[in-house]
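Sequence below, structure please.
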Amino acid sequence: MILDEYPKEISLKDGSSLTLRPMVEDDEAGLLEFFTGLEKADRLYLRHDVSNPEVIKSWAQNIDYDRVLPILAIADSEIVGDATLHRNPFSWMRHVGSIRIVVGKEYREKGLARIMAAEVFQNALASKLEKLVAEMLTDQLDARRVFSRLGFREEAVLKDHVMDANDVKHDLLIMTNDVNTLWQNWVEFSESVSGSWNMED
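This is a model prediction of the structure:
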């Protein structure tokens, strides 16, 4: 990983400036505020109940960058985006990582999600990961299109594998990509799309 390169100052397409840095324990309150500020429709598809303070507390008190690297986007001292790289360095899938991204509504369509995705890819390369996995519901069409353009392949669909906050079951789509190939395609992708995308943390 490349933690010594943070914090990083970035500029979005509208000229606004943000800071990217890894999450620390003191971010607990700010992260809860960020997630509870999302619209209900956005929270519906997230893996965890991010409106539950105990969930956020457990993340803040159990930070382990070797397993989960959360990169936060900060604007005016407020968290506006969260991208995470998940890995298990001691398992038989130690060469595989997974990516999850959430961007606040007011910062979509500004290129933030793509910048945060690039941060995840760079850290995946630095961690010597060979493969990245993205999981989403089959009806999250925007996310499917973005990952497809990045070169991710649809590997499997697990029927009725996910139950959302309203107890409705959904099919889970698993997409994968080779990290080195992904990074080679990144510059072309980032220059060719103007939208952003919203994935879970």
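
check contacts around the closest residue to F34 other than its chain neighbours.
In this structure, F34 finds its nearest non-sequential neighbour in I79, 4.2 Å apart by Cβ to Cβ, 6 or more residues apart in numbering. Yep, even glycine has a C-beta here, placed from its N, CA and C like the rest. By Cβ atoms under 8 Å, 6 or more residues apart in numbering, the contact set of I79 is D27, G30, L31, E33, F34, L72, A73.

Hmm, E78 and the second one touching each other?
Yes: under the criterion of Cβ atoms under 8 Å, G30 makes contact with E78 at 6.7 Å.

So for these two, which sits in the more crowded spot?
G30 (17 against 12; other Cβ atoms under 10 Å).

In a helix, that one, correct?
Yes: checked against DSSP: H, G, I helix; E, B strand; the rest coil, G30 lies within a helix.

Make residue 1 into 8 and carry on from there
Okay, residue one is now 8; in that scheme the one you just asked about reads as G37.

Give me the nearest residue to it, chain neighbours excluded.
I86 (4.7 Å).

circling back: what residues are bridge-paired with the residue nearest to F41?
I81 (DSSP bridges).

Look up how far L119 lies from it.
Distance, I86 to L119, by Cβ to Cβ, to the nearest Å: 12 Å.

intersection of neighbour lists for these two?
By Cβ under 8 Å, 6+ apart, I86 and L119 have these common neighbours: A80.

Most neighbours among the contacts of I86, which one is it?
Highest neighbour count within the contacts of I86, by other Cβ under 10 Å: A80, with 27 neighbours.

list the contacts for that one?
17, 25-27, 86-90, 110, 114, 119, 123.

what about 7 Å?
L25, L27, V87, G88, L119, M123 (Cβ atoms under 7 Å, 6 or more residues apart in numbering).

quick one: which of those residues sit in helices?
Among the contacts of A80, DSSP state H puts L119, M123 in helices.

can you map out the strands along this structure?
15-18, 24-29, 75-82, 85-94, 103-110, 138-144, 160-170, 176-185 (DSSP state E).

among those strands, which is the most enclosed?
Ranked by mean neighbour count, the strands of the chain are led by strand 103-110 with a mean of 23 (mean count of other Cβ atoms under 10 Å).
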